[in-house]
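# Let's see this in three dimensions:
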Amino acid sequence: MLSRLLKAFRASEPDPLPDPDAELALGALLVRVAKSDRAYLVEEIGLIDRILARLFDRNPIEAAKIRATCERLHAAAPETDVFAALIRDTMGLEDRLSVLEAVWQVVLADGQEKEIELRIVDNIRKALGLTPAESAAVRDAAMKG
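Alright, predicted model coming up:
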């Protein structure tokens, strides 16, 4: 009887993670940046949802579900450059600039730019094949946006 009771309270096996596409890769990068300072704020979560909804034409509920999947991907996922390389290989320059602007929006969401976040942004920039000047330009756009 005790074993049945314990079995009832144990979590079932989680659903397997999907293979990341550009949308999931971006979401996982945004989650990674938001969590990098060990303070995953409600403002950052909401911003990630809005970014995913805007860039991939999702409603708020779909965007939140995608972000939840991205959180799981982030936890079990490869290095940052693997996600960014997937985006680089499947998106054109304008879309990659939009991705980096979204990353900057998440970094700037809490009003602080922490060193660890800046290192991740620079790794993402490099993996996306973008220049420091392009990163600075999209950072400025993110600050205004």
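# For the protein, which segments count as helices?
For the chain, the helices defined by DSSP state H occupy 2-9, 22-35, 42-56, 60-76, 80-90, 93-108, 115-128, 132-144.
# Export the ones you listed as a markdown table, with columns for mean pLDDT and mean neighbour count.
C-beta: built from backbone N, CA, C; applies to glycine. Listed next are those as a markdown table, based on pLDDT from 0 to 100; neighbours: other C-beta atoms under 10 Å:
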| stretch | mean pLDDT | mean neighbour count |
| --- | --- | --- |
| helix 2-9 | 44 | 7 |
| helix 22-35 | 91 | 25 |
| helix 42-56 | 95 | 18 |
| helix 60-76 | 92 | 17 |
| helix 80-90 | 84 | 19 |
| helix 93-108 | 95 | 21 |
| helix 115-128 | 93 | 18 |
| helix 132-144 | 95 | 14 |
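# I'd like to know how many residues surround Gly92.
9 (other C-beta atoms under 10 Å).
# Please name the residues that touch it.
Neighbour list for Gly92: empty [criterion: C-beta atoms under 8 Å, 6 or more residues apart in numbering].
# switch to 10 Å and redo it
Ser98 (C-beta atoms under 10 Å, 6 or more residues apart in numbering).
# In contact with the closest residue to Val33 other than its chain neighbours, which residues?
Sequence neighbours aside, Val106 is the residue nearest to Val33 in space, at 5.0 Å (criterion: C-beta to C-beta, 6 or more residues apart in numbering). Counting by C-beta under 10 Å, 6+ apart, Val106 touches 29-36, 41, 43-45, 47-48, 51, 117, 121, 142.
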